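> Structure for the following, please:
(2 chains)
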Amino acid sequence: MAYELDGATIEADEEGYITDLGAWTPELAGLIAKDENIEMDDERWEVVNFLRDYYEEYQIAPAVRVLIKAVKKSMGKEKGNNKYLYTLFPYGPAKQACKIAGLPKPTGCV
Amino acid sequence: MNDMPEDGGGVVKKFLYVNRKAPYGTIYAQESLEVVLIGAAFEQDVSLAFLDDGVFQLVKGQNTDDIGVKNFSPTYRALGDFEVTKLFVEKESLAERGLTEDDLMEIMYEDEDDDWEEKPSITFVNKSELAAIMADQDVILSF
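Numbers count the residues shown, from 1 in each chain, chains lettered A, B, ... in the order given. Below you'll find the model as predicted:
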């Protein structure tokens, strides 16, 4: 499949993960989120930006506990848990948030 | 990263992943790392060994721009986040290749049981120490 944005075509695999990481823009993130029926807000952007920064540094998506720790740090104790992440991304932070962040599908999903 | 619930239970076995090949040119090193990361979800007692040309996998300052493959070496520094904190590097293999401990990346992990203190993941061992580590494993996977 592919995304259409401002007349440009951005290639994605059959599940909607973009194939060229460099093609990502915040506008594209908004479009992917819309496809997932997700409305981007400050909290969701925070998660997406964290995933992008982490990937930039380590070339891999973080472990869930690392993501939870980061959320706890920036959004407070009551939001630093898996349950809260699922309220942000109902199909799971790994699958959905990574897709919106333009990262490859995490290999940790077994 | 995965969306599986975290629950305990089951038998914990000692797994050792043995890495003996240079990082690029063959897919072994990258596949090994991938298996380690996937396997981390099973909460086993995981160690990694680097010997022969495998020690090149941990050399710092890798640059793959001219060979058209992904530089996956930064991912080794994320292993601690996946609770993979035991990396054994064979001293003889380093020396035979003109490498020293300073040529390798600094790989740290945060010790949960010690107030999240940052500690090095790499331990340098000689041949006989590595043999003893291997003898102590339940499962050895060679790449």
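> shaky segments in chain B?
Chain B contains residues with pLDDT under 70 at B:1-9.
> same question, chain A
Along chain A, the parts satisfying pLDDT under 70 run over A:107-110.
> Please name the residues that touch the most centrally placed residue in it.
In chain A, the C-alpha nearest the mean C-alpha coordinate belongs to A:A97, at 2.4 Å (CA atoms, centre = their mean). By CB atoms under 8 Å, 6 or more residues apart in numbering or on different chains, A:A97 lies in contact with A:R44, A:V47, A:V48, A:L51, A:L85, A:L88, A:F89. C-betas here are computed from N, CA, C, even on glycine.
> top of these by neighbour count?
Highest neighbour count within those: A:V48, with 27 neighbours (other CB atoms under 10 Å in any protein chain shown).
> and which of the contacts of A:A97 is nearest B:D53?
Checking these against B:D53 by CB to CB gives A:L51 as the nearest, at 33.2 Å.
> burial of the nearest residue to the closest one once chain neighbours are set aside, as a residue count?
Distances taken as CB to CB, 6 or more residues apart in numbering or on different chains place A:A101 nearest to A:L51, at 4.2 Å, with adjacent residues excluded. Per other CB under 10 Å, the neighbour tally for A:A101 reads 24.
> In chain A, which helix is the longest?
In chain A, assigned by DSSP state H, the helix with the most residues is helix A:42-58.
> What helices and strands are in contact with that helix?
On a contact count with 3 or more CB pairs under 8 Å, 6 or more residues apart in numbering or on different chains; DSSP states H and E, helix A:42-58 meets helix A:64-75, helix A:82-88, helix A:98-100.
> what's the angle between that helix and helix A:64-75?
Relative orientation of helix A:42-58 versus helix A:64-75 (axes from the mean of the first three to the mean of the last three CA atoms, to 10 degrees): 130 degrees.
> Next, count neighbours for residue 27.
Assuming you mean chain A. When neighbours are defined as other CB under 10 Å, A:E27 has 9 of them.
> let's do chain B instead
As a burial measure, B:I27 scores 12 neighbours (other CB under 10 Å).
> which residue sits closest to B:V89, ignoring its sequence neighbours?
B:F50 (4.8 Å).
> Let's verify the residue positioned nearest the centre of chain B: helix, strand, or coil?
Geometric centre of chain B, nearest residue: B:L48, 4.1 Å, by CA atoms, centre = their mean. Counting by DSSP: H, G, I helix; E, B strand; the rest coil, the backbone at B:L48 sits in strand.
> That one pairs with what?
B:L48 has these beta-bridge partners by DSSP bridges: B:Y17, B:L87.
> Is it correct that it is in contact with B:L16?
Yes: shown here, B:L48 and B:L16 form a contact pair, counting by CB atoms under 8 Å, at 7.4 Å.
> Put the alpha carbons of the longest helix anywhere in chain B into PDB.
Using DSSP H to define each element, chain B has its longest helix at helix B:28-39. Provided in PDB are the C-alpha atoms of helix B:28-39 (Å, rounded to 0.1, in the frame of the first residue of the first chain):
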ATOM      1  CA  TYR B  28      25.000 -14.000  10.700                       C
ATOM      2  CA  ALA B  29      25.800 -11.100  13.100                       C
ATOM      3  CA  GLN B  30      22.600  -9.200  12.400                       C
ATOM      4  CA  GLU B  31      20.400 -12.300  12.500                       C
ATOM      5  CA  SER B  32      22.000 -13.300  15.800                       C
ATOM      6  CA  LEU B  33      21.200  -9.800  17.300                       C
ATOM      7  CA  GLU B  34      17.700 -10.100  16.000                       C
ATOM      8  CA  VAL B  35      17.100 -13.500  17.600                       C
ATOM      9  CA  VAL B  36      18.600 -12.200  20.900                       C
ATOM     10  CA  LEU B  37      16.100  -9.300  20.900                       C
ATOM     11  CA  ILE B  38      13.200 -11.500  20.100                       C
ATOM     12  CA  GLY B  39      14.300 -14.100  22.600                       C
END
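> Many thanks, we can stop here.
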